[in-house]
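Enquirer: Based on what follows, work out the 3D shape:
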Amino acid sequence: MSIRTELEAALAKAEADWRTANERLDSTQAERAKANEEWARANADRRSAGVERRKSDAVWAGSDRRKAAADRRRADSVRDQANAAWDQALAARREARVVWDQARTALDELNRAEGKT
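Expert: Modelled structure (predicted):
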């Protein structure tokens with residue numbers, strides 16, 4: 001294979017990798033938005049629970065409070081995991097873009113070199 005075909009193949013692969021990374025970033029962004037919404041809902045439930053504590057006999061409703069705390073902890077961990085996945089997807093897309101740019105630069109240099117001869 002010639003250098004040109006190798007560089008064109010590398011460029012095509014780099015572009016495909018970038019597109020795949022971009023799609024993964026989009027899907028993790030959707031998961032992240034869902035986790036943030038769930039976290040906001042759990043946080044709003046925590047705020048509305050303060051009114052219920054003032055009711056008589058609410059002190060004895062400990063299981064409800066424990067359940068709410070567990071829900072908040074779960075929402076926190078889901079949100080943290082979604083943010084971490086998004087960060088990893090963003091880093092993968094950046095790396096794929098660097099490889100794509102390098103392949104594009106190499107092919108452009110070859111084109112310029114062949115044009116001068």
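
Enquirer: list the buried ones in stretch 93-111?
Expert: Of the residues in stretch 93-111, 93, 96-97, 99-100, 103, 107, 110 count as buried by neighbour count, 16 or more other CB atoms under 10 Å. Every residue, glycine included, has its C-beta placed from N, CA and C.

Enquirer: Quick one: mean pLDDT for it?
Expert: Averaging pLDDT along stretch 93-111 gives 94.

Enquirer: who's in contact with it?
Expert: By CB atoms under 8 Å, 6 or more residues apart in numbering, the residues outside stretch 93-111 that reach it are 3-4, 7-8, 10-11, 13-15, 17-18, 20-22, 24-25.

Enquirer: Selection in PyMOL covering whichever of those residues are buried, please.
Expert: Per 16+ other CB under 10 Å, the buried members of the contacts of stretch 93-111 correspond to this PyMOL selection:
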select buried, resi 7+10+11+14+15+17+18+21+24+25
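
Enquirer: For the most centrally placed residue in the chain, give its distance to Glu109.
Expert: Nearest to the geometric centre of the chain sits Trp86, at 1.7 Å (CA atoms, centre = their mean). Using CB to CB, to the nearest Å, we find Trp86 at a distance of 35 Å from Glu109.

Enquirer: cool, and Gln102?
Expert: Distance from Gln102 to Glu109, by CB to CB: 11 Å.
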